[in-house]
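1. need coordinates for the following:
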Amino acid sequence: MSTLEDRQIRDKLSQLRLQHRDLDMAIEALEQAEAQDQLQLRRLKKQKLKLKDEIKILEARLLPDIIA
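-> Model (predicted):
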């Protein structure tokens, strides 16, 4: 993997982690609210899980394959 590709993956990871953290805060705020919108809460949690999966895929691309 080239260093340019490596840098692009790291930049994308940084963006995804920021989005993940923002979603976490939004979910927490929605859970704290008196009138909770359960549908919106489920959508945010699903989006957060999708981001987590994308993060794991990109992290795996950065690690070299190790044969045990």
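2. neighbours around I55, how many?
-> 16 (other Cβ atoms under 10 Å). For glycine as for every other residue, the C-beta is placed from the backbone atoms N, C-alpha and C.
3. hmm, it is touching S14, no?
-> No - I55 lies out of contact with S14 (Cβ atoms under 8 Å); the separation is 10.1 Å.
4. which residue ranges form the helices in this structure?
-> Taking DSSP state H to define them, one finds helices in the chain at 3-32, 38-62.
5. can you lay out those helices as JSON lines showing mean pLDDT?
-> Listed next are the helices of the chain as JSON lines, based on pLDDT from 0 to 100:
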{"stretch": "helix 3-32", "mean pLDDT": "95"}
{"stretch": "helix 38-62", "mean pLDDT": "95"}
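6. quick one, what contacts the spatially most central residue of the chain?
-> Using Cα atoms, centre = their mean, the residue of the chain that lies closest to the mean C-alpha position is L51, 3.2 Å off. For L51, the contact set (Cβ atoms under 8 Å, 6 or more residues apart in numbering) comprises L16, Q19, H20, L23.
7. L4: neighbour count?
-> By other Cβ under 10 Å, the residues close to L4 number 8.
8. gap between it and D53?
-> Look at L4 and D53: by Cβ to Cβ, to the nearest Å, they are 25 Å apart.
9. and of the contacts of L51, the nearest to L30?
-> Distance to L30 across these (Cβ to Cβ) is lowest for L23, with 10.3 Å.
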